[in-house]
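> could you look at this predicted model? Sequence included:
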Amino acid sequence: MKLINAVFEGGGVKGISLAGAICAAVDQGISFNRLAGTSSGAIIASLLAAGYTCREIKDLLEETPFRSFLKRGFFYNIGVIGPTLRLLIHRGFYSGAGLTRWMEELLANKGIRTFGDLPHCKLRIVASDISNGRLLVLPDDIVFYGQEPMKLSIADAVRMSAGIPYFFDPIRIRTRERENSLSSWAYIVDGGLLSNFPLWIFDTEQRGEEKPVPTVGFQMVGKNETEPHSIRGPVSMFQAIFETMLQAHDERYIKKSNIERTVKIPTLGIRTTQFHLSKQQSDTLFNSGYDAASEFFKQAAL
């Protein structure tokens, strides 16, 4: 078996393609050492770290009605005023609590709750602190807020990393500034704002090691050019803003050394926040990930 570190890019519902890529890697004799991800990539990395197989992850993603995560109280559904009022009060159209509960249940089924339940340095999750303009690599960076890294809930870290701005409420963490001892709040949102594809993460951690494990990135690519965004209101506008930001990440220049260690998965025009996928679309994404990774690992010199 060949051992690799794996880094998974964020991409919303397109994450099922990552499950296909994982299956191809396993079929090629690859096993996983350290895991990292942003947003939906953090979900995949966490489930894999907890012991789920690629086929189990595929089934979980297909069976989960992701639209169920987009629920809010009756009052906040009234016309345009309700959602707008919720956004003003809570900083998001939806709470995101359903996502947290879903992750908690899945991890608990494997006897996992906190980062301390995993092998040391097994999992890294990226989030964004927009209050302090800081990229967070969890669990380690939770110390900035007076919390113990190994006691941090993995589900909470995933919720931070997958907190699409304006769609989901930001996670608020109370902290105390050292200089003036004034209480303050840090707002944590989707890691994709600052690093949607943190391929660098294990390069830093393994610096100085005699035999570092090679790192492979799994990136979802392919801008949807055939269906332009239709702006009908505040929800669709913020959806367009967020997806445009992620597409910019997808199309950014990547150095040759990183291209050679990146599995590029065509996502066939599926959008990040296209929360309802047909079985055919899910299978197509899964197969796209499988085919891309199969080709990569046949040629990769690991």
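Structure received. Owing to the predicted nature of the structure, the values given are computational and were not obtained by experimental measurement.
> run the chain-centre distance for stretch 185-203.
On the basis of CA atoms, centre = their mean, to the nearest Å, stretch 185-203 sits 9 Å off its chain's mean C-alpha point.
> can you offset everything so residue one is 632?
That works, and once the first residue is 632, the last one we named lands at stretch 816-834.
> so which residues of the stretch 682-831 of the chain form strands?
Using DSSP state E, counting those that start in this stretch, the strands found in the stretch 682-831 of the chain span residues 723-725, 754-760, 765-769, 797-799, 802-807, 814-821.
> any chance of a markdown table for the ones you listed, columns mean neighbour count, mean pLDDT and distance to Ser909?
(C-beta placed from N, C-alpha, C; glycine too.) Listed next are the strands of the stretch 682-831 of the chain as a markdown table, based on neighbours: other CB atoms under 10 Å; pLDDT from 0 to 100; distance: least, CB to CB, whole Å:
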| stretch | mean neighbour count | mean pLDDT | distance to Ser909 |
| --- | --- | --- | --- |
| strand 723-725 | 22 | 67 | 23 |
| strand 754-760 | 27 | 96 | 30 |
| strand 765-769 | 19 | 94 | 34 |
| strand 797-799 | 23 | 75 | 22 |
| strand 802-807 | 15 | 80 | 32 |
| strand 814-821 | 18 | 81 | 26 |
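> and those as JSON lines, adding distance to Gly646?
Converted to JSON lines, the strands of the stretch 682-831 of the chain look like this (distance: least, CB to CB, whole Å):
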{"stretch": "strand 723-725", "distance to Gly646": "18"}
{"stretch": "strand 754-760", "distance to Gly646": "14"}
{"stretch": "strand 765-769", "distance to Gly646": "18"}
{"stretch": "strand 797-799", "distance to Gly646": "16"}
{"stretch": "strand 802-807", "distance to Gly646": "20"}
{"stretch": "strand 814-821", "distance to Gly646": "13"}
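> and the nearest residue to Glu693 once chain neighbours are set aside, what pLDDT?
Sequence neighbours aside, Ser913 is the residue nearest to Glu693 in space, at 5.1 Å (criterion: CB to CB, 6 or more residues apart in numbering). pLDDT, Ser913: 86.
> Lys645 is in contact with Ser913, correct?
No: Ser913 is beyond contact range of Lys645, at 10.2 Å (criterion: CB atoms under 8 Å).
> which one of the strands of the stretch 682-831 of the chain lies nearest to Glu891?
strand 754-760 (21.8 Å; CB to CB).
> compare the strands of the stretch 682-831 of the chain and give me the one nearest Ala637.
Nearest to Ala637, of all the strands of the stretch 682-831 of the chain, is strand 754-760, at 10.7 Å by CB to CB.
> OK, contacts around Val638?
Residues near Val638 by CB atoms under 8 Å, 6 or more residues apart in numbering: 666-668, 672, 828-830, 832-833, 846-849.
> in the one helix or strand it maps to, which residues are buried?
When elements are assigned from DSSP states H and E, Val638 belongs to strand 633-639. For strand 633-639, a neighbour-count test (16 or more other CB atoms under 10 Å) marks 635-639 as buried.
> walk me through which strands that strand pairs with, and which way each runs.
Taking DSSP bridges as the criterion, strand 633-639 sits next to strand 661-669 (parallel), strand 846-852 (parallel) in its sheet.
> same question for the last one, mean pLDDT?
By that I understand strand 846-852. The pLDDT scores in strand 846-852 average 92.
> how far is the strand holding Val638 from where the chain is centred?
Per CA atoms, centre = their mean, the centroid offset for strand 633-639 relative to its chain is 16 Å.
> right, and the strands of the stretch 682-831 of the chain - which one's nearest Glu779?
With CB to CB as the criterion, Glu779 lies closest to strand 765-769 of those, at 12.2 Å.
> do I have it right that Ala655 meets Ser925?
Yes: counting by CB under 8 Å, Ser925 is a contact partner of Ala655 at 4.3 Å.
> residue ranges with poor pLDDT in the stretch 682-831 of the chain?
Along the stretch 682-831 of the chain, the model assigns pLDDT under 70 to residues 696-724, 726, 807-814.
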